[in-house]
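# pasting the structure only:
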C-alpha cells in the first residue's frame, strides 16, 4: 500500500515538476493568450481584461502553480525519507538522483565506462557508478576519443541535467535511463 502511494505521489510530482514550471514560466510574460486558443481565451471571457488585469491574473496563476508544485515536491521528498527511515535505507535518496529532484543541487561525478567517442542525440553513456544516461539534445561532437574520462552531470532548471566530459568544451543535455 505504501509503495503504491509513493509511486502515485512521485508520478504527480514528476508531472507537476515538468508541467508546472513550464506553465509558470510561460505565465511570466503574460502568456495566457499563448497557452489558450483564441476561442478558449474568448470563451473564458479573458478578452475583456485590460493588459494590467491580464498581467495580474498571469501573476496569480504563476504563484498558484509554483505553490502546488512546491507542495507536491515536498510531500514526495518527505514520503521517500519516511520510507527510507522505516526500512533503514539511507541510499534511497542518493540512488534516485537524476530521476527525481530531492533537493540536492550537487553535481554527480563519475567516470565513463569505456571510451568517450563524442556527443549525438540518443547516445547512451554508462557511468562507473552504474547510472546510465541518454543524450536528449542535438549537441554533436564527433572524432573525440577519450578513454574512461571523468564526467560531471549537473542539474539545470526544470529537471534538466547536463553532462560535461573532462577535456571537452561542450556539454550535452541528458536524462537518466537507469
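Thanks, I have the structure now. Note that the structure is predicted; figures quoted are calculated from it, not measured. Numbers count the residues shown, from 1 in each chain.
# centre of the chain to the helix or strand in which residue 74 is found, how far?
Assigned by DSSP states H and E, residue 74 belongs to helix 51-87. Chain-centre distance of helix 51-87: 14 Å, with Cα atoms, centre = their mean, to the nearest Å.
# buried set for it?
Within helix 51-87, the residues scored as buried using 16 or more other Cβ atoms under 10 Å are 54-55, 58, 61-62, 65, 69, 72-73, 76-77, 79-80. To be clear about C-beta, it is placed using only N, CA and C from the backbone, and glycine gets the same treatment.
# any chance of the residues you listed in TSV, plus pLDDT and distance to residue 131?
What follows is those, written out as TSV (pLDDT from 0 to 100; distance: Cβ to Cβ, whole Å):
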residue	pLDDT	distance to residue 131
54	85	44
55	84	43
58	83	38
61	83	36
62	81	33
65	79	30
69	76	25
72	77	25
73	75	22
76	75	20
77	74	20
79	76	23
80	72	18
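# which two from those residues end up farthest apart in space?
54 and 80 (38.9 Å; Cβ to Cβ).
# and residue 113, what does it touch?
Going by Cβ atoms under 8 Å, 6 or more residues apart in numbering, residue 113 touches 126-128, 148.
# recalculate using a threshold of 10 Å.
Contact analysis of residue 113 by Cβ atoms under 10 Å, 6 or more residues apart in numbering lists 125-130, 132, 148.
# which helices and strands does the helix holding residue 74 pack with?
helix 2-28, helix 32-35, helix 91-95 (3 or more Cβ pairs under 10 Å, 6 or more residues apart in numbering; DSSP states H and E).
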